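Undergrad: Return a 3D structure for these sequence lines:
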Amino acid sequence: MTADAIAPTGPSETRNALLAVEDLHVSYATERGELVAVDGVSFELAAGESLGIVGESGCGKSSMARGLMQLLPPGARTWGSVRLDDRQLLKSKSGDLRRIRGNDLALVFQEPMTRLNPLMRVSDHFVETVRAHHPDATRDEARERGRQALMQVGIPPSRLDDRPHEFSGGMRQRIMIALAIVLDPRIVIADEPTTALDVIVEAQVLDLLDGLRRTHGLGMILITHNLSVVAETCDRVAVMYAGRIVELGDVTDVFGDPKHPYTQGLLESVITLDTEELVSIEGSPPDLLDLNMPGCRYAPRCPILDPSCFVIDPESRDLGRGHEAACLFAKPHDQPADRPRDGAAGTTT
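TA: Numbers count the residues shown, from 1 in each chain. Just a heads-up that it's a prediction; the model follows:
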């Protein structure tokens, strides 16, 4: 059986995009060789839009975020294209990147207690951040900006001179968000912003981020394992697997009619009040140091695979309505789903 011939998507149209990412790669030097954590990721983000990035641990979500910001450890490499307006970030000098970070692009890290200096007061964090980007700002001006940012995230100004250990986990995450927005960026990348928070505080933090996006017209990239969070707060979603985006589109289309078997598996694994039996995706993601095998990277775990899946490496297909999927058997919305013939599927191991 051969896959239906659908032309892969070409270079994305960037005229209305605030951020345009094309063929982004991020690799790390290891003792075993070069590990390509992000392998050809492309997407766009408009002003005021929220894009969710989901996938298993190790699929490249955080590496992608740090690649956009150029916040990578020594030995890491990035290549491809990341354009913010008419600026090419991957070719920017370090001084230009320093000005872009915070002012245009901001990153909310996970685990705020590891990011906040326990020896510094919260006010000192804001003074350091503001004056690093605006050296002419006085200390009082920087403190006032910090006070205003804290008020936006629901922290009383009277807590400005407290130390990080005096706050709860949810409040510390609010401080991290305030530090991200204090310079009025146009894009905020939130990398697992609700890690280790209980569900009530998680909802509060996510509502806060969504409110800031709507109020300030921020472009938002939300990286999370929680598909329910993305369904409630994001406009579009990108599903990553083994360093690539395997499905991308509006949340309603991707979650309502998933075209890639991996997305289908993730959605089937979500626990709800009606769950009677736990479902998981069998097998493990491939070794990112050994990706020279032909065919689809998901094939060894795929329940609908065909022998051609071990030969052809599928490119992203335009399925209509801005919905893309990298599967040989993904069909447009106006066509029934295609599956291998009975007996054609290979054996998963």
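Undergrad: ok, Leu18 touching Ala47?
TA: Yes: the pair formed by Leu18 and Ala47 meets the contact definition of Cβ atoms under 8 Å, at 4.7 Å. All C-beta atoms are positioned from the backbone trio N, CA, C, and that covers glycine.
Undergrad: So for those two, which residues contact both of them?
TA: Applying Cβ atoms under 8 Å, 6 or more residues apart in numbering, one finds that Leu18 and Ala47 are jointly contacted by Arg186, Gly219.
Undergrad: If you count surrounding residues, which of those two has more?
TA: Of the pair Leu18 and Ala47, Leu18 is the one with more neighbours under other Cβ atoms under 10 Å, namely 20 against 15.
Undergrad: show me what contacts that one?
TA: Counting by Cβ under 8 Å, 6+ apart, Leu18 has contacts Leu45, Ala46, Ala47, Leu84, Asp85, Arg186, Ile187, Gly219.
Undergrad: before we move on, what SS does the third one have?
TA: Secondary structure of Ala47, reduced to three states by DSSP: H, G, I helix; E, B strand; the rest coil: coil.
Undergrad: And the closest residue to Arg186 other than its chain neighbours, how far from Pro164?
TA: Residue nearest to Arg186 in three dimensions, not counting chain neighbours: Asp104, with 5.5 Å by Cβ to Cβ, 6 or more residues apart in numbering. From Asp104 across to Pro164, the span is 26 Å (Cβ to Cβ, to the nearest Å).
Undergrad: the strands in the stretch 101-250 of the chain, which residues?
TA: Per DSSP state E, counting those that start in this stretch, the stretch 101-250 of the chain carries strands over the ranges 105-108, 187-191, 219-223, 236-241, 244-250.
Undergrad: So which bits of the last one are buried?
TA: Just to be clear, that refers to strand 244-250. Arg244, Ile245, Val246, Glu247, Leu248, Gly249 (16 or more other Cβ atoms under 10 Å).
Undergrad: Show residues contacting the longest helix anywhere in the chain.
TA: Taking DSSP state H as the criterion, the chain has its longest helix at helix 199-216. Applying Cβ under 8 Å, 6+ apart, the set of residues contacting helix 199-216 from outside is 48, 50, 152-154, 168-170, 173-174, 177, 181, 184, 188, 190, 193-194, 197, 218-220, 222, 229, 232-233.
Undergrad: List the contacts of the residue nearest to Arg186.
TA: Leu84, Pro185, Arg186, Ile187.
Undergrad: now do 10 Å
TA: Leu18, Leu19, Leu84, Asp85, Arg87, Leu89, Leu183, Asp184, Pro185, Arg186, Ile187, Gly219 (Cβ atoms under 10 Å, 6 or more residues apart in numbering).
Undergrad: Now do the phi/psi pair for it.
TA: Backbone geometry at Asp104, expressed as degrees, to the nearest 10, gives phi -120, psi -40.
Undergrad: Make JSON lines from the buried residues of strand 244-250 and add distance to Val26 and pLDDT to it.
TA: JSON lines is the format used below for those (distance: Cβ to Cβ, whole Å; pLDDT from 0 to 100):
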{"residue": "Arg244", "distance to Val26": "12", "pLDDT": "96"}
{"residue": "Ile245", "distance to Val26": "13", "pLDDT": "97"}
{"residue": "Val246", "distance to Val26": "17", "pLDDT": "97"}
{"residue": "Glu247", "distance to Val26": "20", "pLDDT": "97"}
{"residue": "Leu248", "distance to Val26": "18", "pLDDT": "97"}
{"residue": "Gly249", "distance to Val26": "23", "pLDDT": "97"}
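Undergrad: Just the buried residues of stretch 113-129, please?
TA: Quick answer for stretch 113-129 (16+ other Cβ under 10 Å): Arg115, Leu116, Arg121, Val122, Ser123, Asp124, His125, Phe126, Val127, Thr129.
Undergrad: Next one: the last one relative to Leu179, how far apart?
TA: In other words, Thr129. 6 Å.
Undergrad: From the structure, what's the count of residues near Thr215?
TA: So Thr215, with other Cβ under 10 Å, has 9 neighbours.
Undergrad: Quick check: end-to-end length of stretch 269-282?
TA: Its start and end residues considered, stretch 269-282 measures 11 Å (Cα to Cα, to the nearest Å).
Undergrad: what helix or strand does Leu68 sit in?
TA: helix 61-69 (DSSP states H and E).
Undergrad: Show me what counts as buried in the helix or strand just after that helix.
TA: Following helix 61-69 in sequence order, the next helix or strand is strand 77-84 (DSSP H and E). Judged by neighbour count using 16+ other Cβ under 10 Å, the buried positions of strand 77-84 are Thr78, Gly80, Ser81, Val82, Arg83, Leu84.
Undergrad: Quick check: beta-bridge partners of the first one?
TA: Residues in a beta bridge with Thr78, per DSSP bridges, are Val26.
Undergrad: Contacts only, for it.
TA: 24-27, 38, 63-64, 66-68, 70, 72, 89-90.
Undergrad: can we see that at 6 Å?
TA: By Cβ atoms under 6 Å, 6 or more residues apart in numbering, the contact set of Thr78 is Val26, Gly67, Leu90.
Undergrad: The first one touches Leu68, doesn't it?
TA: No: the criterion here is Cβ atoms under 6 Å, and Val26 misses it with Leu68 at 9.3 Å.
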